[in-house]
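Chemist: coordinates only, sequence not included:
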């Protein structure tokens, strides 16, 4: 899908350095990365809205979206298809 573009969106939100390059769809996010806290969730959602032309409402958000990179990509894909 758009995984390369997606990691470029994630890169400024986190201070991952080279780790973003090695992230895969299976990379766990919530509760697995120390950088992934509530502030990061808000920053990621804000960072994703403009480049993908979506609006993310509070009711859209749940912990399952942030389980892995794949679940987050699937969420964004569903929002862009709507």
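Modeler: Yes, it's here. Everything quoted here is computed from the prediction, not taken from an experiment.

Chemist: mind listing the helices for this structure?
Modeler: In the chain, the segments counted as helices under DSSP state H are 3-13, 19-22, 38-52, 69-81.

Chemist: from the middle of its chain, how far away would the third one be?
Modeler: For helix 38-52, the gap between its own C-alpha mean and the chain's C-alpha mean amounts to 7 Å (Cα atoms, centre = their mean, to the nearest Å).

Chemist: buried residues in that helix?
Modeler: For helix 38-52, a neighbour-count test (16 or more other Cβ atoms under 10 Å) marks 40-41, 44-45, 47-48, 52 as buried. Where C-beta positions appear, they are placed from N, C-alpha and C, glycine not excepted.

Chemist: Out of these, which two sit at the greatest distance?
Modeler: Maximum pairwise distance among those (Cβ to Cβ): 17.8 Å, between 40 and 52.

Chemist: Low-confidence stretches in this structure?
Modeler: Applying pLDDT under 70 to the chain picks out residues 1-5, 7, 11-22.

Chemist: Provide the count of other residues in contact range of the nearest residue to residue 41 once chain neighbours are set aside.
Modeler: Sequence neighbours aside, residue 66 is the residue nearest to residue 41 in space, at 6.5 Å (criterion: Cβ to Cβ, 6 or more residues apart in numbering). Burial of residue 66 is recorded as 22 neighbouring residues (other Cβ atoms under 10 Å).

Chemist: do the same with the one 5 residues further on
Modeler: Each residue near residue 71 was counted by other Cβ under 10 Å, and the total is 16.

Chemist: So that it lines up with my notes, have the first residue be 846 from now on.
Modeler: Done: numbering now begins at 846, and the last item shifts to residue 916.

Chemist: Does it touch residue 922 like I think?
Modeler: No. Residue 916 is beyond contact range of residue 922, at 10.6 Å (criterion: Cβ atoms under 8 Å).

Chemist: Next one: residue 915 from residue 904, what distance?
Modeler: As judged by Cβ to Cβ, to the nearest Å, residue 915 and residue 904 stand 22 Å apart.
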